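Chemist: Here is a sequence together with a model predicted from it:
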Amino acid sequence: MTQYWLFKSEPDCFSIDDLAQQSAQTARWDGVRNFQARNFLRDNVTLGNWVFFYHSRCKAIGVVGIAEVTRAAYPDPQQFDPQSPYFDPKSDSDNPRWFCVDITLKRKFSHMVSLEQIKQIQALDDMMLRKQGRLSIQPVSVHEWQIINQLAT
DNA sequence: GCCAACGTTGGC
DNA sequence: GCCAACGTTGGC
């Protein structure tokens, strides 16, 4: 069973520093609108799991820190809010389509582990990050987790 | 900002 | 149920 994950965020939208500024350094990870990512979030991401916080679509791409899942999946409230950009008229409150979790910041790396570094390490060739670039919630193996952790220290 | 990759939608 | 059109993601 997977315990480790990688969550992508565009830092212009929500960065690890934004997470650090939340009360209790905890934030709702919402707005996931991709079915594969949704399935991971809803069915496999569980309380106490560890998460690599990844900055995408920006100048410095890579893993910037570690968070912990502090609330397991619950329906993403934004799907029911017509004012929200994440509003989904096709979602039914009795059978919600989209889910979110809460995460709490555990550690911000003093220096990030860049995508460029990751690409240079053969043992990380099979990371989903490399195989399926667009998936925003993805499992990380224990081995991959350890390697990236070591790179960050 | 561009563009390739790829997921989603909707007409047939 | 196929597939073209369209929209979005994400590295560069």
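Modeler: Yep, that arrived. Numbers count the residues shown, from 1 in each chain, chains lettered A, B, ... in the order given.

Chemist: list the contacts for the residue of chain A found nearest DNA strand C?
Modeler: For chain A and DNA strand C, the shortest gap (Cβ to the nearest atom of the strand) falls at A:Ser56, measuring 3.8 Å. Any C-beta I mention is one placed from the backbone N, CA and C, and that applies to glycine too. With contact taken as Cβ atoms under 8 Å, 6 or more residues apart in numbering, A:Ser56 is in contact with A:8-10, A:136.

Chemist: A:Ser114 contacts A:Lys59, doesn't it?
Modeler: No. Between A:Ser114 and A:Lys59 there is no contact under Cβ atoms under 8 Å: 10.6 Å.

Chemist: Please, where are all the strands along chain A?
Modeler: For chain A, the strands defined by DSSP state E occupy A:4-9, A:26-29, A:50-55, A:62-75, A:99-114, A:137-140.

Chemist: Which parts of the third one count as buried, going by neighbours?
Modeler: Neighbour-count burial for strand A:50-55 flags A:50-55 (criterion: 16 or more other Cβ atoms under 10 Å).

Chemist: on that earlier part again, between A:Ser114 and A:Lys59, which is the more surrounded one?
Modeler: A:Ser114 (16 against 6; other Cβ atoms under 10 Å).

Chemist: pLDDT and distance to DNA strand B added to the buried residues of strand A:50-55, as JSON lines?
Modeler: As requested, the buried residues of strand A:50-55 are exported to JSON lines (pLDDT from 0 to 100; distance: Cβ to the nearest atom of the strand, whole Å):
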{"residue": "A:Trp50", "pLDDT": "97", "distance to DNA strand B": "25"}
{"residue": "A:Val51", "pLDDT": "98", "distance to DNA strand B": "21"}
{"residue": "A:Phe52", "pLDDT": "98", "distance to DNA strand B": "20"}
{"residue": "A:Phe53", "pLDDT": "98", "distance to DNA strand B": "20"}
{"residue": "A:Tyr54", "pLDDT": "98", "distance to DNA strand B": "16"}
{"residue": "A:His55", "pLDDT": "97", "distance to DNA strand B": "13"}
